[in-house]
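# the amino acid sequence is not available; the structure is as follows:
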């Protein structure tokens with residue numbers, strides 16, 4: 001007979017586990033896309049102002065333009081996502097959905113005509129959320145996280161929203177960042193302030 005640990009996991013641990021599963025899924029999808037589809041799955045990203053490109057809002061975060069693109073996104077996705085996950089699984093899910101839908105929709109409405117793929121919209125959204133949420137909550141821990149994120153990822157954010165390359169979706173970076181900042185005001189605001 002084996003013993004099974006039935007101790008419930010904390011909401012933060014559950015969120016981090018889900019984050020790792022999604023990152024692993026991204027790698028699996030990229031492997032399948034490269035080996036079986038020769039990169040053709042990328043056409044299912046966000047294609048602005050087309051009805052067929054609207055569902056890319058759901059698919060774009062898990063599709064990448066090759067393993068180099070995926071590798072560049074994996075570490076910040078895990079680190080920034082883990083900082084958001086410290087607030088628990090419910091908060092991580094709401095913040096992630098808010099950024100993916102709002103940032104993705106803005107990309108669909110306003111970006112250049114191309115297939116926009118990658119987790120960087122979420123990454124920039126996580127950064128925006130973390131940079132603002134601690135100040136909105138008036139939380140010492142949150143402000144400390146904001147300072148750490150600013151030091152580690154501030155340069156990435158500033159470079160990433162500049163239209164310097166035709167191969168980088170600076171639009172999804174910009175709209176993800178804006179969605180993350182908005183999410184901080186909507187989700188991180190203290191209860192009393194949300195109801196006023």
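Noted; the coordinates are in hand. Here the structure is a predicted model, which means the values were calculated and not measured.
# please count neighbours and contacts with C-alpha atoms only from this point.
Fine.
# which helix runs longest in this protein?
The residue-count maximum for a helix in the chain (DSSP state H) belongs to helix 11-36.
# where does the protein dip in pLDDT?
Low-confidence segments of the chain (pLDDT under 70): 1, 3-7, 191-196.
# what about the residue nearest the centre of it, distance to residue 131?
With distances taken as Cα atoms, centre = their mean, residue 122 lies nearest the centre of the chain, 1.7 Å away. Distance, residue 122 to residue 131, by Cα to Cα, to the nearest Å: 14 Å.
# one more: residue 92?
Separation of residue 92 from residue 131 (Cα to Cα): 15 Å.
# do the same with residue 177
Separation of residue 177 from residue 131 (Cα to Cα) stands at 10 Å.
# same question, residue 182
Counting by Cα to Cα, the separation of residue 182 from residue 131 is 11 Å.
# if we can go back for a sec, pretty sure the residue nearest to the centre of the chain is touching residue 175, no?
No - the criterion here is Cα atoms under 8 Å, and residue 122 misses it with residue 175 at 9.6 Å.
# please name every helix or strand in contact with the helix or strand hosting residue 130.
Using DSSP states H and E, residue 130 falls within helix 120-137. Helix 120-137 sits against helix 67-85, helix 89-110, helix 140-160, helix 170-187, with contacts defined as 3 or more Cα pairs under 8 Å, 6 or more residues apart in numbering; DSSP states H and E.
# among those helices, which is nearest residue 53?
With Cα to Cα as the criterion, residue 53 lies closest to helix 89-110 of the helices and strands packed on helix 120-137, at 7.7 Å.
# buried sites along that closest one?
Residues of helix 89-110 classed as buried by neighbour count (16 or more other Cα atoms under 10 Å): 89, 91-92, 95-96, 98-108.
# equivalent analysis for stretch 53-72, please.
Neighbour-count burial for stretch 53-72, counted by 16+ other Cα under 10 Å, picks out 53-66, 70.
# same question for stretch 153-168.
Applying 16+ other Cα under 10 Å to stretch 153-168 flags 153, 154, 157, 160, 161, 168 as buried.
# from residue 45, how far off is the closest residue to residue 33 other than its chain neighbours?
In space, and not counting its chain neighbours, residue 33 is closest to residue 39: 5.1 Å by Cα to Cα, 6 or more residues apart in numbering. Between residue 39 and residue 45 the computed distance is 12 Å (Cα to Cα).
# one more: residue 98?
18 Å.
# what of residue 182?
Distance from residue 182 to residue 45, by Cα to Cα: 23 Å.
# what does residue 31 give?
Residue 31 is 17 Å from residue 45, by Cα to Cα.
# wait, isn't residue 160 in contact with residue 171?
No - between residue 160 and residue 171 there is no contact under Cα under 8 Å: 9.1 Å.
# dump the residue contacts of the nearest residue to residue 98 once chain neighbours are set aside.
The shortest distance from residue 98 to any non-neighbouring residue, by Cα to Cα, 6+ apart, is to residue 183 (6.7 Å). By Cα atoms under 8 Å, 6 or more residues apart in numbering, the contact set of residue 183 is 95, 98, 99, 129.
# go on, residue 89?
11, 12, 13, 14, 15, 16.
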